[in-house]
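> pasting the sequence and the predicted model now:
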Amino acid sequence: MKTILVTGGMGYIGSHTVVELINKKYNVIIVDNLSNSSVEVLNRIEKITSIKPKFYELDCCNINDFKKVFIENKIDGVIHFAGYKAVGEGEKVPLKYYDNNLISFITLLKLMEEYKVNNLVFSSSATVYGQPDTNPIKEDFPFRVVNTYGRTKLMIEDMIRDYTKANPNFNAAILRYFNPIGAHSSGLIGEDPNGIPNNLAPYISQVAVGKLEKLGVFGNDYDTKDGTGVRDYIHVVDLAYGHVLVLDKLFTNSGLVTYNLGTGVGCSVFDVLHAFEKACGFTIPYEIKPRRAGDVAIYYASPEKAYKELGFKTKYDIFDMAKDSWNWQKNNPNGYKK
Ligand code: WQD
C-alpha cells in the first residue's frame, strides 16, 4: 500500500481528494495548519471512509515541524494543496501570499529531496492563463497572469519545471483547475469559505440557505450568450478523482506532466443560478451589479490531453454540482462550525 502525503488535506479540494485516495486504497497522511479549514473534517472523512487518516497540524513553512512527517513516515508521493487562494486578498497583502505560498512549497521540495520522495502533484490553477484570446484553453496556451495569487502559482510551476529538468528521476504533475464546485454526495464534506464567499457557488448556496440576502451578478454586459461571465465548473469529486489518476501516471516514472482539469463546457452565471434553483426547488433572488475588477468574460478548458493521457473524463454536470452543493449546505448551514 503506497503512502501519500496531502498538504492542505483538510481544505475543500484536499478533503475530497483524501476520500478518493482512501477509496483507491492509498494510505493517506494529512498536513494542514487549519488556517482555512476545520479539524471536524477529519471526523467527516472517517464517517465517509471508516478510516481516520494520520493528521499533523503544522505550517508547511516551518521546516523543523514539517521534517517530523518525513522522519516518522515512509512517503511515496505528495499532493500539495496548502496555500492561500483568495484572489482579492492576494491583491491586498501580496507579501503574505508570496511568503506563505512560495516558502511552503520550497520547504516541501527541500524535504522531498532530503528524504528521496520523487512523486509530486501540484495544485495549480487556470488563473495562470488570464484572459485567453480563444477558448477552449489548451495546456500550451500563453501565461497571462493578472494577479498575485496567479503569480504565486506560476512561480511554483516554474520551480517545478526547473527542478524536474535538473532531476530526471523526479516525477511531477501540474494540474490546472478551472472552477471546482459541488460536494461529496454524502453531504458530509463541502466548501466552507471563511466569511462572505468570494466565489459564485458558495455565495449562491448561502443565499439559498438564508444566510445571505441575494446574489449580486457581477455584470450582464459581457459578450456572452446571456451577458454574464462564463466559466468551466468542474465537480470537486471529478477533480479529486483526476488526482488519483495522475498519481498512477507518476508511478510509471512519467517525469513532468501538465493537465487542465475541466469539463470543456462553459456555463454562465445564470446557468449556475438556474441549476441551483432546480436543485433546491425555489427561486433564488439576485440583482445585477457592476462588473468585478479583474474578471474575464469567458474561460473554459480543453479537456482533451487529460482524457487522452490519463483517461480522465468528468462524470458530473452542472445540475449534479448544484444538487450536491445544496445537499451539503442545507445539512450544514454553518459549514463545519456547530
Ligand atoms: C465565477 C463567475 C464572476 C461571485 C476564481 C479564481 C480562480 C479559482 C476559481 C482558485 C464570474 C461571477 C462570482 C458573485 C458573480 N480559484 N460571480 N457573483 O473568478 O472564475 O475564479 O475561483 O484557483 O483562480 O480566480 O470564480 O466563482 O469568483 O466567479 O456574478 O458573487 O461568477 O463574475 O463570472 P472565478 P468565481
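That came through, no problem. Only a predicted model underlies this, so the values are computations on that prediction, with no experimental measurement involved.

> so which bits of the stretch 151-300 of the chain are right by the ligand?
177, 179, 198-200, 203, 216-218, 229, 231, 269, 292, 295 (Cβ under 6 Å from any ligand atom). Placement of C-beta: from N, CA and C, glycine included.

> now, those residues that are in strands?
Of those, the ones assigned to strands by DSSP state E are 177, 179, 216-218, 231.

> contacting residues around the residue of the stretch 101-250 of the chain found nearest the ligand?
Nearest to the ligand, among the residues of the stretch 101-250 of the chain, is residue 229, at 2.1 Å (Cβ to the nearest ligand atom). Neighbouring residues of residue 229 by Cβ atoms under 8 Å, 6 or more residues apart in numbering: 218-219, 222, 268-269, 295-298.

> hmm, back to that, widest-spaced pair of the ones in strands among the residues of the stretch 151-300 of the chain next to the ligand?
Every pair in these was compared (Cβ to Cβ); the two farthest apart turn out to be 177 and 216, at 23.9 Å.

> tell me which of the two has more neighbours.
Neighbours per residue (other Cβ atoms under 10 Å) separate residue 177 from residue 216, with residue 177 holding more: 22 against 15.

> surely the more buried one touches residue 16?
No: shown here, residue 177 and residue 16 do not form a contact pair, counting by Cβ atoms under 8 Å, at 11.9 Å.

> tell me which residues of the lengthiest helix in the chain are tucked away?
Assignment by DSSP state H gives helix 148-166 as the longest helix of the chain. In terms of neighbour count (16 or more other Cβ atoms under 10 Å), helix 148-166 has its buried residues at 148-154, 156-157, 159-160, 163-164.

> rewinding a little: top of the contacts of residue 229 by number of neighbours, please.
Ranked by neighbour count (other Cβ under 10 Å), the contacts of residue 229 have residue 269 at the top, with 23 neighbours.

> any idea of the pLDDT on that residue?
Per-residue pLDDT puts residue 269 at 98.

> what are the phi and psi values at residue 289?
Dihedral pair for residue 289: phi -120, psi 170, per degrees, to the nearest 10.

> so which helix or strand of the chain has the lowest pLDDT on average?
helix 87-92 (a mean of 92; mean pLDDT, DSSP states H and E).

> please see if that helix touches the ligand.
Yes: against the ligand, helix 87-92 shows contacts by Cβ under 6 Å from any ligand atom at residue 87.

> and that helix, what other elements does it pack with?
Helix 87-92 sits against helix 148-166, with contacts defined as 3 or more Cβ pairs under 8 Å, 6 or more residues apart in numbering; DSSP states H and E.

> which residues touch the helix it packs on?
83-87, 89-91, 94, 97-98, 101-102, 105-106, 109, 120, 122, 124-125, 127-128, 130, 143, 145, 170-172, 174, 255-256.

> in this protein, which spans are strands?
So, for the chain - with DSSP E - the strands run 3-7, 27-32, 54-57, 77-80, 119-125, 171-177, 179-181, 215-218, 230-231, 233-235, 256-261, 267-268, 286-289.

> many thanks, I have nothing further to ask.
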